[in-house]
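# Need coordinates for the below:
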Amino acid sequence: MVLFYYLYSDKEILESHGNIIYKIWFILYITLEEVFWLYMVILINEIVLNLKEKYEVLNQKFVQVLNISVENKFMSKDVDLMTLKEIKKIKFLYRYINDLVERTNDLLGWPTFCLMAYTMLDALTILNCLVVGEYMQLIFTDTLELFAIIIYTVYIALSCDFTSYEGKKIITLCYDLEDKFPMKSPIRKELLEVAVQAKHFPPKFVSMGLFDINRKILLSMVATITTYVIAIIQFNSVL
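Numbering: from 1, shown residues only. Reported below is the predicted structural model:
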């Protein structure tokens, strides 16, 4: 649909170039651009949401193991040993998932950076055209494209934020459940170690080591775009 809007708004451009090859390349470029960004967004979100599901399963298993120990009123040594073994296993799996997050950052850092940079540049270009009053015939279709890119960016930022939150939830679970065990209990000590580890090495998504990908980045992008728009307005008012 966006492609047809492009072709309609750029009718003068296409008519000024009678070469059919130019028209084909123009259509191909627009199509490939839309397909590329859509594919990248789907790929990134599938990976991020898969990690989120792993954290959810791990947290559920964590609560289930501890509740079994709490429900056992006599707290035999066998139960304690079994619980400690399960907690250490969960701690290992938590580190493993965090390692997957780091590998995801290495693999998908540059696509997320390019997407967010493209979003900001596209927004500034359109706003500059509105302020200057140039290329107004392309504003409608460019705005449609920008709207799609913004949706992609917001979706990725929120997915990463929700996944990070789910990974940090184990800290709250440790502090909530430790009160159910005696002070000198080895299980309580192990819970504190898990909480400290998760607190010092929380899962987070980073774009090329420059900034964290979460809901806060959306406000930062809005603030940056607003700053540049003000500069554009002031510059044009001087001219």
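
# okay, and for the protein, where does confidence drop off?
1-27, 29-30, 68-80, 131-142, 237-239 (pLDDT under 70).

# for this structure, what spans make up the strands?
Along the chain, counting by DSSP state E, strands occupy 206-207, 211-212.

# Need the winner for burial among those strands.
Across these, the average number of neighbours (mean count of other C-beta atoms under 10 Å) peaks for strand 206-207, which reaches a mean of 20. Glycine gets a C-beta too; all of them are placed from N, C-alpha and C.

# now the strands of the chain as TSV including distance to A198?
Formatted as TSV, these follow (distance: least, C-beta to C-beta, whole Å):
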stretch	distance to A198
strand 206-207	17
strand 211-212	17
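
# I'd like to know which of the ones you listed is closest to P182.
Across these, P182 has its closest neighbour in strand 211-212 (38.6 Å, C-beta to C-beta).

# Could you list the residues in contact with the closest one?
K204, F205, V206, I217, S220 (C-beta atoms under 8 Å, 6 or more residues apart in numbering).

# quick one: which of those residues is nearest to F181?
K204 (29.7 Å).

# ok, that closest one touching N98?
No - using C-beta atoms under 8 Å, K204 and N98 do not qualify as a contacting pair, with a distance of 9.4 Å.

# Which residue ranges of this protein form helices?
Assigned by DSSP state H, the helices in the chain fall at 2-9, 11-16, 20-71, 77-132, 139-178, 186-200, 215-238.

# would you list these in JSON lines and tack on mean neighbour count?
As requested, those are exported to JSON lines (neighbours: other C-beta atoms under 10 Å):
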{"stretch": "helix 2-9", "mean neighbour count": "15"}
{"stretch": "helix 11-16", "mean neighbour count": "11"}
{"stretch": "helix 20-71", "mean neighbour count": "15"}
{"stretch": "helix 77-132", "mean neighbour count": "16"}
{"stretch": "helix 139-178", "mean neighbour count": "18"}
{"stretch": "helix 186-200", "mean neighbour count": "17"}
{"stretch": "helix 215-238", "mean neighbour count": "13"}
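
# Quick check: the gap between S185 and Y96.
26 Å (C-beta to C-beta, to the nearest Å).

# just T172 next, same as before
Distance from T172 to Y96, counting by C-beta to C-beta: 21 Å.

# Now F205: phi and psi?
phi -100, psi 130 (degrees, to the nearest 10).

# Out of the contacts of strand 211-212, the closest to A195 would be?
K204 (17.1 Å).

# one step back: which among the strands of the chain is found nearest to L51?
strand 206-207 (13.9 Å).

# What is that closest one packed up against?
With contacts taken as 3 or more C-beta pairs under 8 Å, 6 or more residues apart in numbering; DSSP states H and E, strand 206-207 sits against helix 77-132.
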